[in-house]
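A.B. asks: when you get a sec, could you give me coordinates for this:
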Amino acid sequence: MNCELLATCSALGYLEGDTYHKEPDCLESVKDLIRYLRHEDDTRDVRQQLGESQIVQNDLLPIIVQYRQDKSLFDACIRLVVNLTQPAMLCFGKVPDDPVFRHHFMQVTSHLQAYKEAFASEKVFGILSETLYSLLQLDWEQRQEEDNLLIERILLLVRNVLHVPADPCEEKKVDDDASVHDRVLWALHMSGFDDLVKFIACAQSEQQWSMHVLEIISLMFRDQTPEALVSAGHARSTEEKQRDSQELEALREKEHAEKRSRNLQRGTRHSRFGGSYVVQGLKAIGDKDVIYHQNLNNFKNYTHDLGKAVRRVPRRNRRAQECKDKRRSALNVRLFLREFCVDFLENCYNRLMYLVKENLIREQTQQHDETYYLWALSFFMAFNRGNGFRADLVSETMSIRAFHFIERNITNYYEMMLTDRKEATSWSRRMHLALKAYQELLLTVNEMDRSHDESIRQSSNVIKSNIFYLMEYREIFLTLLRKYDETKQPQSYLKDLVESTHLFLRMLERFCKGRSNLIVQRKKVKRRKPHSRRKQLPPESTPETLAETWKIVEEELRALSDSLAETIVPFDAASETPPEEQRMEAVVRVQDALLARLGPEALALMRAAREVWPEGDVFGSADVEPEEELELLKQILHANLPSEFNDDGVELEEEELMSVQVTEKEFNFLDFLRRFANPAVVRPYLLLLKSYSKNTPHTNHCIARMLHRLAVDLKMDALLFQLSVFYIFNRIMSDPAAAAYKELVTFSKYVVNRFFSVAAQNNKAYVELLFWKNVGAVQFCFCFEGKKPTWTEEEEEELRKLYLEHRDSEVPDIVETLLSLISNSARTRRHVVTQLVHMGLVDNAKELKKQKIGTRIVLWTEEQELELQMLFEEFKDSDDVLGNILKKLTAKRSRARVVDKLLSMGLVSERRELYKKRSRGAQGKSSGKGMVEELLGINVLDHSSVDGDEREDESEDSEEGDQEREKYQRGGKRSENVQLTGEKRAEISTMVNALQREGMSGSLLWLQNSLNKTAEHRKDDGELSQPVPLVPFGEANEDAMDNKRFQKLLLKLGIRPPANEQEIFWRIPAKLSPDQLWSAAAALAPGEGQAENCEKQEGPQEDEVSANQRSQALRALLLARGRKHQTEHAGKCGSIVFSSNDSSGVMDIDRNGDADLDQDISAPVKRRRKMVLIDEEEED
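C.D. replies: All right, here's what the predicted structure looks like:
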C-alpha cells in the first residue's frame, strides 16, 4: 500500500470494540482521500488499495454511525463512500478485454462485494433513514443546496450498494435462504427506508428524484419474479397442487421408461464378459459393416463421431449466453417486498411512471434510463394481474402511447444491435426487456377483456382496435421472428417472442371472429427516381413572329410604362444558385415574358434586376431613358439566350426518392397468417422445439399451435417436410416420457403420415427433404399434385403439329409463338413447356427458357473481381474509364452490371465518376450563345447543356467510333486492305466537308500531306515498310486528333488507333500500299462537296437575317452596359470589334484569313477564334 495512503488512513482514527475514536484531523484526511481518488490511474490503484485496507468497514461506516451530528464530517464521509461504492462498470467504462485490466476489474468487484456485506446492518441504514427523513421534512423554501446534494448522495449510496452483483461462488445459497442481497433488503426494511422511497415516489415536491427512486426499486426486485411475490405467504391453490403433481408424475414416468429401456438392452450374461457385434446396414470406413466392441447398453449412443476432436465453434457463431437464473429469496423478504408492491401500485405507480415517461421524452435523463421504465412496466403490471387485477392501478401505462413508445424502442434496439456489433449483447438484453414490456401490455389487454366491468371491456376494445389497425403494431412479431439471430439473442428471448406471438394471434383471431369485416391500415413504400426538371426549350421563333410580338408588347408598354408598379423580386438570397447565374436567369425570364407577350411584367422584372445588379449596366444605367429601355427589351427579345444552366454540362443522376403510401384494406386473418409460412419464421420455432424437454408446457403448446396453424389451417404441411424437422419429431416420438408431450407427439405423427402419403405419389419428395422450401416451392412441388391441367388428344396433336412446324424457324421465342397459335387461350407458358417435355418433343425445359436481353453472366468470381479491380486501377485516369474497362474485360458484361459492381466494390463512390470526360474539341459551337455569355461574364463551359443536340450527336459519333475501333481491334488487319469504293468516297467527302466547316482545314491538309509522304516513302522502300505513326505538330492538329469526328474519318481511311497502352499515336498500317494511300489522300482533297458547301452558305437569306438579328441583339446589350468590348486574337486570326458609336448595328469583323491554323495559342483565344470563323461562314 502506498505510504501516503497508509498515513492518511491512519490519521482517520481507530476502532476500539464498538466505539470509534476519531483523530483531530479526521475531516482533512477524508478530504485527502477524496482528492487521491480524483487522481487515480486507469487501473484504479487507489480504489484497490483502500479496498484492501477495508477502510469502509473499519473507518467510514463507524464514523457515519457515531458522528452523525458533525455535519461537515458526515457529509464528507457520505461523499467518499459514494465514490468508493461506485459500480466497477462505471469505473472502467465496460468489462475490459485485456487480461491485466480484467484482473483489476475483478479486484474492484470483489471489494464492492465486501462493502455490500458491511452495509447489511440496521444501524447504518437507520442513520441514513433518519438523515433522509429530516431533510425531507424541510420545505423547499428552507432547503439549501447542500441539503439537496446530501439527499442525492444518500440515494446514490443506496443505489450503489444494491447494484453490487452477488458472488455465487462465495455465498453458495439455495432457495429460501437469506443471501447478502436479502440481508441488505431486510436492513433497509427494518430501518424504514422503503417507506421513504415510497414517499419520494408519490410526493409532488420531490419529483426531481423520480429516476433515482425507480432505479432503487428496480435493484430491490432484481432477483424476484412477480409470480413468486404474488404467491408469497399464500397456501397453494388446488390448480397449483394439481399442476405440480402432474409435473412430478411426468418426471416419474420418464425415469421408469428410461429404466425399462436399459433393462431391455441389457444382455443375459453378466457384464464381465465382453463381445463383438456386427452392425448391419452401418458401413465402416471401407465397404464392410461396422464391428462394435462395446457393451450393448451403450449402443444407442454410438456414432461415427466418437473419439474425434470436437470442432471449435468460432466466437461469432456461438449461441448467446443466457442471463443468470432467478432465485427465491427468504420468506420474510418476499413478504415485505409483496407488501411494498401492493402499496406502490396503489399510491405511487401511476404518478412515478408519468414523471419518468416525461423525462424520457424530453431527454432529461441519462443514457439507457428507459430500461428502468420498461422493467417497471412489465414487473408491476404482471404483479397486478396476479394479485387481483385492477385496471385503475396501471392506467398510466395502459394506453396506445405506451405501445408506441415500446415499439419505437424495440426498433431502435434492433438497429443498434446490427450497427454496434461490439455491444450487440447489451442491445439484445435491452431488446428482450422491451419485448417483455410489450408482452405484458398484451396480457393486460387480454385480462381487461375478461373483466366484469363493461367500461373496462370497452377500453380494451378501443386499444385492440388501434393496435390491430396500425401496421407497425400488427406486424412487429412477424418482423422479430424473421430477424431472430441465435448468436446475439438468447433462447429466453425466443421463448418470450414465441409466447407473445401466440397471444397476439389468439387475440387477433378472436377479434376478427366477432366482426364481419375489419378495416386495417396498409403502408407501402414507393421508390422512384425524380424526373429531371429540364426546362423545355421554346420552339424557334421566326423573324415575322418576333416582329409581331414586339409590336404588340411595344404598344402596351408605351401606355403603361409610366405607371408601372415594381413588385417582382429577381434575386433569391437563400438560393444555392450563384448570383452570376441568377443574373443570367433574370435575362432569360425577361425574354420569356416578352415571348409570352407580358410586356409590363418583363419591364418590371428588368427594372427590379437593374436595382439588384447595378454594376456594369447590364439592365441599363440608373438614369436610362424610356426609349432606351424599349430598345433594350427589343434586343433581349431577339437575342439567342440559353434557357437553362447546368454546372457540369451533364444531367447528374438524382437520388432515389422514397414515399410512403398509406391506404386501407379489408383484413383477412388467413392472409395475414400466410405471411408466417416462411422458412425464416419456421426456423426459430423449430430451434425452440429442440429443447422441448426443458420447455414449459405452455411454451410447447405455443410452438405446436403455430405449426398446426401452418400445416392444417393453411394446408402448408409440406413446409415442414425437412430432414432436421423429422429428426426432432423422431426424438419426440421415441422419447420414453412421450406421454407428457401428447400434443407434440400427435402433431409429429400427422406431419410424418402426410409426408409418406405424398411420397407414395411423388418419389422426388425424399430429395425435397434436404431443402427448406418457401410457399412457391411448396405449392409447385406438393400442393398441386393431381391437379395438373389435362390435355385432350386433339390439343396434344395440335401442339405437336405447331411445334414441328415452327421448330426450325428462327423465331426468338418458340413458346410465345405457340401460345399465340394454340386454340385454348387459357394455357400458360408453364403449361406448354411442361406438356412439350411430357410428350418428349424436348428433352429439358431449360431448352425453352425465355432468353433475357443482355448478358447472362450474373455472378462474379474472385478472378473476375480481381481483373476488374486491376483494369480500374489501370484506366482510372483515362478519359473514358468505363469504355476502356469494357474493351479489356475478359467476361463480357453489360455496362450496367460493371457500374454496379464498381460501386459495390467501393472503387467509385458515385456513377458520375465513370462518365466520359469531355475533350477540349467538343465544346459548344453556338456563337450567339457563347457571345452572350461572355458579355455577361459567364464562362461558356458552364452552360454547355444548352447544346444538347450537338452533344448528343457527338456522343453518338463517339459511340460509333468506339464500335468501329473495337471491330478493328477484333478483326486484326481488317482495315489494312482498304478499297475506296464510290460509296465510301462519298461518305468520306461528306465527313471532310463537315470537318472543314468546323475549322479543321489545316488539320485535313496535314493529314493529306502525311499520307502522300508515306506513299512516296513506301514506293521507294518497296515491301520493307513499317507502320508509320501520325505525330501531330501544333495545338490545332492535337485537338483534331482528339476530335471524335476526325477519329471516325481516320478509321474510314484505314488508319488504326493505338493498339494498347504502350502506343500513343495513331498509325498508318504497314500493309497499306502506295496506291491505297494516294487514293485516301485524294479523297481528302476539296472537291464537289466543298462547292456544294459554298452554295449552301450563299443560299438562303433567312440565315443572314438571323445572323443580323443576333448581332443587333448583342450590340444592344453592349449599349446597355455602356462599355466597349474588344476581343483580339494572336497571329492572323480574325478579331471582333464592337463599336458603341456605330448605329448601324453591324458587327465589324476583320478577316485576315485562316491560313495559319496551326499557330500555338491559348485555349480561350482558340475557342473564340473558332466561333468567329463559324460566324463568318454563316454571314457569307
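A.B. asks: buried set for stretch 718-725?
C.D. replies: Across stretch 718-725, burial judged by 16 or more other Cβ atoms under 10 Å covers 718-722, 725. Using the backbone N, CA and C atoms, a C-beta is placed for each residue, glycine as well.
A.B. asks: quick one: low-confidence parts of the stretch 301-450 of the chain?
C.D. replies: For the stretch 301-450 of the chain, applying pLDDT under 70 flags the ranges 324-325.
A.B. asks: got the residue ranges for the helices in it?
C.D. replies: Listed in chain order, the helices of the stretch 301-450 of the chain (DSSP state H, counting those that start in this stretch) span 331-347, 349-361, 370-386, 400-419, 424-449.
A.B. asks: wait, which of these is closest to residue 46?
C.D. replies: Nearest of these to residue 46, taken as Cβ to Cβ: helix 424-449 at 28.3 Å.
A.B. asks: check the offset of the following helix or strand past the closest one from the chain's centre.
C.D. replies: Going down the chain from helix 424-449, the next helix or strand is helix 454-469, by DSSP states H and E. Relative to the centre of its chain, helix 454-469 is centred 36 Å away, using Cα atoms, centre = their mean, to the nearest Å.
A.B. asks: what packs against helix 454-469?
C.D. replies: With contacts taken as 3 or more Cβ pairs under 8 Å, 6 or more residues apart in numbering; DSSP states H and E, helix 454-469 sits against helix 400-419, helix 424-449, helix 471-474, helix 491-513, strand 519-528.
A.B. asks: check which residues of it are buried.
C.D. replies: Under 16+ other Cβ under 10 Å, the buried positions of helix 454-469 are 456, 459-460, 463-464, 467-468.
A.B. asks: any idea which element the residue in the chain sticking out farthest from the centre lies in?
C.D. replies: Within the chain, residue 1020 marks the point farthest from the mean C-alpha position, 70.4 Å out by Cα atoms, centre = their mean. Residue 1020 is part of helix 1001-1021, with elements assigned from DSSP H and E.
A.B. asks: mean confidence for the following helix or strand past that helix?
C.D. replies: Sequence-wise, the next helix or strand downstream of helix 1001-1021 (DSSP H and E) is strand 1028-1029. Averaging pLDDT along strand 1028-1029 gives 84.
A.B. asks: going forward, count from 206.
C.D. replies: That works, and once the first residue is 206, the last one we named lands at strand 1233-1234.
A.B. asks: any idea of the mean pLDDT in the following helix or strand past strand 1233-1234?
C.D. replies: Next in sequence after strand 1233-1234, counting helices and strands by DSSP H and E, comes helix 1240-1247. Per-residue pLDDT values over helix 1240-1247 give a mean of 80.
A.B. asks: got it, and stretch 447-467?
C.D. replies: Stretch 447-467 carries an average pLDDT of 77.
A.B. asks: mind listing what's buried in that stretch?
C.D. replies: Result for stretch 447-467 [16+ other Cβ under 10 Å]: buried residues residue 459.
A.B. asks: could you dump it to CSV, C-alpha only?
C.D. replies: Presented in CSV, the C-alpha positions along stretch 447-467 are these (Å, rounded to 0.1, in the frame of the first residue of the first chain):
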residue,chain,number,x,y,z
GLN,A,447,-52.6,-30.4,-9.5
ARG,A,448,-50.0,-28.8,-11.8
ASP,A,449,-47.1,-29.7,-9.6
SER,A,450,-48.4,-33.3,-9.2
GLN,A,451,-48.6,-33.6,-13.0
GLU,A,452,-45.0,-32.4,-13.4
LEU,A,453,-43.9,-34.9,-10.8
GLU,A,454,-45.8,-37.7,-12.4
ALA,A,455,-44.3,-36.9,-15.8
LEU,A,456,-40.8,-37.0,-14.3
ARG,A,457,-41.5,-40.3,-12.6
GLU,A,458,-42.9,-41.9,-15.8
LYS,A,459,-39.8,-40.7,-17.7
GLU,A,460,-37.5,-42.2,-15.2
HIS,A,461,-39.4,-45.5,-15.2
ALA,A,462,-39.3,-45.6,-19.0
GLU,A,463,-35.6,-45.0,-19.2
LYS,A,464,-35.1,-47.8,-16.6
ARG,A,465,-37.2,-50.2,-18.7
SER,A,466,-35.3,-49.4,-21.8
ARG,A,467,-32.0,-50.0,-20.1
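A.B. asks: quick one on the thing from earlier: which residues are contacting the helix holding residue 1225?
C.D. replies: Identification of contacts with helix 1206-1226 by Cβ atoms under 8 Å, 6 or more residues apart in numbering yields 1197, 1200-1201, 1230, 1233, 1235, 1237-1238, 1241-1242, 1244-1245, 1251, 1255, 1258, 1273, 1277-1280, 1282-1283, 1285-1286, 1289-1290, 1359-1360, 1362-1363.
A.B. asks: so which of those residues are in strands?
C.D. replies: Among the contacts of helix 1206-1226, the members found in strands (DSSP state E) are 1233, 1273.
A.B. asks: of the contacts of helix 1206-1226, keep whichever come out buried.
C.D. replies: Buried residues within those, counting neighbours by 16+ other Cβ under 10 Å: 1197, 1200-1201, 1230, 1233, 1235, 1237, 1241-1242, 1244-1245, 1251, 1255, 1258, 1273, 1277-1279, 1282-1283, 1285-1286, 1289, 1359, 1362-1363.
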